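In: how does the following fold in three dimensions:
(one chain, ligands or ions: 1)
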Amino acid sequence: MSTTETGHAQQDSYEPSEEFVAQANAGKELFDAADADRDAFWAEQANRLHWHEPFTQVLDWSDAPVAKWFVGGKLNVAYNCVDRHVLDGHGDQVAIHWEGDPGDSRDLTYNDLLAEVSRAANTFTDLGLEAGDRVAIYMPMVPEAIIAMLACARLGLTHSVVFAGFSPTALRSRVDDAEARLVITTDGQWRRGKSAPLKEAVDEALYANGDVPHSVEHVLVVRRTEIEIPWTEGRDLWWHDTVAKASPEHACTAFDAEHPLFILYTSGTTGKPKGIIHTTGGYLTQTAYTHHYVFDHKPGKDVYWCTADIGWVTGHSYIVYGPLANRATQVVYEGTPNSPDEHRHWNIVEKYKVSIYYTAPTLVRTFMKWGHTIPGAHDLSSIRLLGSVGEPINPEAWRWYRKYIGADKAPIVDTWWQTETGAIMMSPLPGVTATKPGAAMGPLPGISAKVVDENGKDVTRGDTEANGYLVLDQPWPSMLRGIWGDSERYKATYWEKYAEQGWYFAGDGAKIDTDGAYWVLGRVDDVMNVSGHRISTAEVESALVGHRKVAEAAVVGATDDTTGQGIVAFVILKGSAGEVDSDALVKELKAEVAREISPIARPREIHVVPELPKTRSGKIMRRLLRDVAEGRELGDTSTLVDPSVFEAIRASK
Ligand code: WT7
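Out: Reported below is the predicted structural model:
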């Protein structure tokens, strides 16, 4: 067995059931069509949308790496997501089953959505906003957040959604970078049944930097918690005094396929977040295409639930644009999974008979930690498909997810993509692909990806030692068009490494097994080098989490005098682990990793900790764990949910 052999080839594989295949949106022929004529294939996907003016060319790549897709075409995103469904006679279909944190709920039909989006569009126009202007949206998961995004899209205003958990400083830097003219927010937000201020943070952001002027002319405030808020006369406006009183009629115009739809900031390797730019026609084409085929979505029949927040790209592409373009009926939930208790998600699934459930591995592992008797207490028989996104899902969590949430039969789609890719790039097709727990399997029809070495040479299939880099060697419709205000950084970050070949470097390590399945191993900066051997943090984490007593694990490479890097692991134990002799357990876990992967992957240290440092999007902050492992002062902890976790982690060392 080679050093990083994880036995993928021998791993279990799950064929789609005959029953699923018979009704699936996608069959094998989708791959054939894309292979036969890529441009024609994408033109066909684009034509699932309504174009006010048809495009004359599918792709113009002459200005690479900035693509133009569906050249000459004109469309309106909001018309595609709302109006056309009403015009087609589906106005009474529920678009959004909204569940509030404290237990209130609200249903919005496509008719309702059209009226609300039109009202908001009329208000934004009254405020003097014009196509191309930027609008910052800083809101919790309330229907008005989605309405605001759609109203921006309707008017060609470029939105920049800032996650409502971000600090005033983070909001200010994003507002300044994009020069937003309008900020939309709520008075406060509900968190586990308690209200917390939000508008206050906007004021703090706008008054920060002393008298440094900002671009914001108005702050539009939705009343959500009735918490008291500071108010600036003339600048601040209530949604219920303006939008609610505006006309529900609005005739939209169409925008160029390359009109910028939104900016979304994401962190890079430096401290300054990158404003990723997405445009209109290609973005909507690929989000709608992937939502239809990857989730096997049936409009009017399925009840779809993506548990993401609109502050992240998953919320943009798979709550707002993809699903609504496909006339989905979906659940939108404001709160956390354990408020008022750990049954919340399953109560919601039962209430609305959710049939498609899309979440992140970190949440699946949290559910595992809480124990299967919790979902076991509910009728989850409506669920027919499960999705995963955000990080590699460890096989243990994958199997648990399928068994306890998917009744051992729902296919799981492990979807690999990024803020930059805009939409899903790799995933099984649920009626076609035999899935392996932990693998995103391969590029979708119309998408091309390779796994290559440092020099751009294809990595041999089944070569588990030569962990390669994931690259995208063909442009795709929903690709980013740049970084706001910094085209040099765009080129340097994504296109420099394989400039000669003209490939996009995804920043992820990957390998292809002997069956041709792609395994994404995580960011390459999370790949460790131990005695010249490359070992993925995700692989070691997976091995640790495979142990019956471990709920979650985070692994970092810490500088080591003899081996270059040494593996340092932090683990949380399952609630059911009971009293444990931690010295004995640490020994057992080290042996387990050595056995599962290779003796080279045996962690140098394992620390049992009560919590792991996570960002609000659920990503483990490995950089900070590396600081702890290497005994340094902590770097920037401002994006952590709970900076105090470090006291506990340090105490355990
Ligand atoms: C990075 C992108 C895509 C929306 C949410 C995150 C990792 C994402 C998977 C997956 C393995 C995955 C990658 C990628 N990632 N999905 N299914 N399997 N890794 O968006 O914050 O832009 O992060 O998340 O490392 O590069 P993001």
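In: and the helix or strand hosting residue 509, how far out from the chain middle?
Out: Per DSSP states H and E, residue 509 falls inside strand 504-512. Relative to its parent chain, strand 504-512 has a centroid offset of 17 Å by Cα atoms, centre = their mean, to the nearest Å.
In: counting by contacts, list what that strand packs against.
Out: Other elements packing on strand 504-512 under the criterion 3 or more Cβ pairs under 8 Å, 6 or more residues apart in numbering; DSSP states H and E are strand 449-452, strand 468-472, strand 518-523. No exception for glycine: its C-beta is placed from N, CA and C like everyone else's.
In: please redo it, this time with the cut-off set to 6 Å
Out: strand 468-472, strand 518-523 (3 or more Cβ pairs under 6 Å, 6 or more residues apart in numbering; DSSP states H and E).
In: from the contact counts, what lies against the first one?
Out: The one in question is strand 468-472. strand 449-452, strand 504-512.
In: out of these, which is closest to residue 258?
Out: Each of the helices and strands packed on strand 468-472 has some distance to residue 258 by Cβ to Cβ; the shortest is strand 504-512, at 18.2 Å.
In: okay, the angle between that closest one and strand 468-472?
Out: Counting by axes from the mean of the first three to the mean of the last three Cα atoms, to 10 degrees, strand 504-512 lies at 130 degrees to strand 468-472.
In: which residues of the stretch 201-350 of the chain lie near the ligand?
Out: Residues of the stretch 201-350 of the chain found near the ligand, taking Cβ under 6 Å from any ligand atom as the criterion, are 266, 313, 314.
In: let me see the contact set for the residue of the stretch 151-300 of the chain found nearest the ligand.
Out: The stretch 151-300 of the chain approaches the ligand most closely through residue 266 (5.4 Å), counting by Cβ to the nearest ligand atom. By Cβ atoms under 6 Å, 6 or more residues apart in numbering, the residues touching residue 266 are 274, 276, 419.
In: so of those residues, which ones are in strands?
Out: 274, 276 (DSSP state E).
In: can you redo the contacts of residue 266 as TSV with neighbour count?
Out: Putting the contacts of residue 266 into TSV (neighbours: other Cβ atoms under 10 Å) gives the following:
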residue	neighbour count
274	26
276	23
419	18
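In: for residue 360, grab phi and psi.
Out: phi -110, psi 150 (degrees, to the nearest 10).
In: just checking, which helix or strand of this protein averages the lowest pLDDT?
Out: In the chain, no helix or strand scores lower on mean pLDDT, DSSP states H and E than strand 533-536, which sits at a mean of 68.
In: who in the chain is up against the ligand?
Out: Proximity of the chain to the ligand is assessed by Cβ under 6 Å from any ligand atom, with 266, 313-314, 389-392, 414-419, 440, 506-508, 520, 522-523 identified as the residues in range.
In: where along the stretch 1-150 of the chain do the helices fall?
Out: With DSSP state H, counting those that start in this stretch applied, the stretch 1-150 of the chain shows helices at 18-23, 29-36, 38-46, 77-78, 84-85, 110-126, 143-155, listed in chain order.
In: would CSV of these with mean pLDDT and mean neighbour count be doable?
Out: Converted to CSV, those look like this (pLDDT from 0 to 100; neighbours: other Cβ atoms under 10 Å):
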stretch, mean pLDDT, mean neighbour count
helix 18-23, 98, 12
helix 29-36, 98, 15
helix 38-46, 98, 18
helix 77-78, 99, 28
helix 84-85, 98, 22
helix 110-126, 98, 22
helix 143-155, 99, 27
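In: switch those helices over to JSON lines; also include distance to residue 233.
Out: Written out in JSON lines, the entries for those read as follows (distance: least, Cβ to Cβ, whole Å):
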{"stretch": "helix 18-23", "distance to residue 233": "58"}
{"stretch": "helix 29-36", "distance to residue 233": "57"}
{"stretch": "helix 38-46", "distance to residue 233": "47"}
{"stretch": "helix 77-78", "distance to residue 233": "32"}
{"stretch": "helix 84-85", "distance to residue 233": "40"}
{"stretch": "helix 110-126", "distance to residue 233": "18"}
{"stretch": "helix 143-155", "distance to residue 233": "22"}
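In: so which residue of the stretch 251-400 of the chain comes closest to the ligand?
Out: With Cβ to the nearest ligand atom, the shortest gap between the stretch 251-400 of the chain and the ligand falls at residue 392, namely 3.9 Å.
In: so that residue, which of the three states?
Out: coil (DSSP: H, G, I helix; E, B strand; the rest coil).
In: I figured it hits residue 539, correct?
Out: No. The criterion here is Cβ atoms under 6 Å, and residue 392 misses it with residue 539 at 8.8 Å.
In: those two: who's more crowded?
Out: Shown here are residue 392 and residue 539; by other Cβ atoms under 10 Å, residue 539 has more neighbours (29 against 26).
In: report the secondary structure state of that one.
Out: Using three-state DSSP as the criterion, the local structure at residue 539 reads helix.
In: look at it and report its pLDDT.
Out: Each residue has a pLDDT score; the one for residue 539 is 79.
In: what does residue 203 give?
Out: Reading off the model, residue 203 has pLDDT 96.
In: hmm, back to that, with pLDDT as extra columns, can I get the residues of the stretch 201-350 of the chain next to the ligand in CSV?
Out: Converted to CSV, these look like this (pLDDT from 0 to 100):
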residue, pLDDT
266, 85
313, 95
314, 96
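In: dump those into TSV; add secondary structure as well.
Out: Formatted as TSV, the entries for these read as follows, by three-state DSSP:
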residue	secondary structure
266	strand
313	helix
314	helix
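In: ok, the residue of the stretch 251-400 of the chain closest to the ligand - contacts?
Out: Taking Cβ under 6 Å, 6+ apart as the criterion, residue 392 is in contact with 520, 522, 538.
In: 10 Å instead?
Out: If you count contacts by Cβ atoms under 10 Å, 6 or more residues apart in numbering, residue 392 has them with 361, 398, 414, 416, 438-440, 508, 510, 519-522, 536-539, 541-542.
In: what's the answer for residue 84, then?
Out: Listed by Cβ under 10 Å, 6+ apart, the contact partners of residue 84 are 49, 50, 76, 78, 90, 110, 325, 327.
In: next, the contact list for the closest residue to the ligand within the stretch 351-500 of the chain, please.
Out: Distances between the stretch 351-500 of the chain and the ligand by Cβ to the nearest ligand atom are smallest at residue 419, namely 3.4 Å. The neighbours of residue 419, taking Cβ under 10 Å, 6+ apart as the test, are 264-267, 274, 276, 278, 312-314, 316-317, 480.
In: report the buried members of the residues you listed.
Out: With neighbours counted by 16 or more other Cβ atoms under 10 Å, the contacts of residue 419 contain buried members at 264, 265, 266, 274, 276, 278, 312, 313, 314, 316, 317, 480.
In: now do the buried residues in stretch 348-363.
Out: Buried residues in stretch 348-363, defined by neighbour count with 16+ other Cβ under 10 Å: 348-350, 352, 354-363.
In: ditto for stretch 54-73
Out: By neighbour count, with 16+ other Cβ under 10 Å as the criterion, the buried positions of stretch 54-73 are 55, 58, 59, 60, 65, 66, 67, 68, 69, 70, 72, 73.
In: one step back: how about CSV for the helices and strands packed on strand 468-472, with mean neighbour count added?
Out: As requested, the helices and strands packed on strand 468-472 are arranged in CSV below (neighbours: other Cβ under 10 Å):
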stretch, mean neighbour count
strand 449-452, 22
strand 504-512, 23
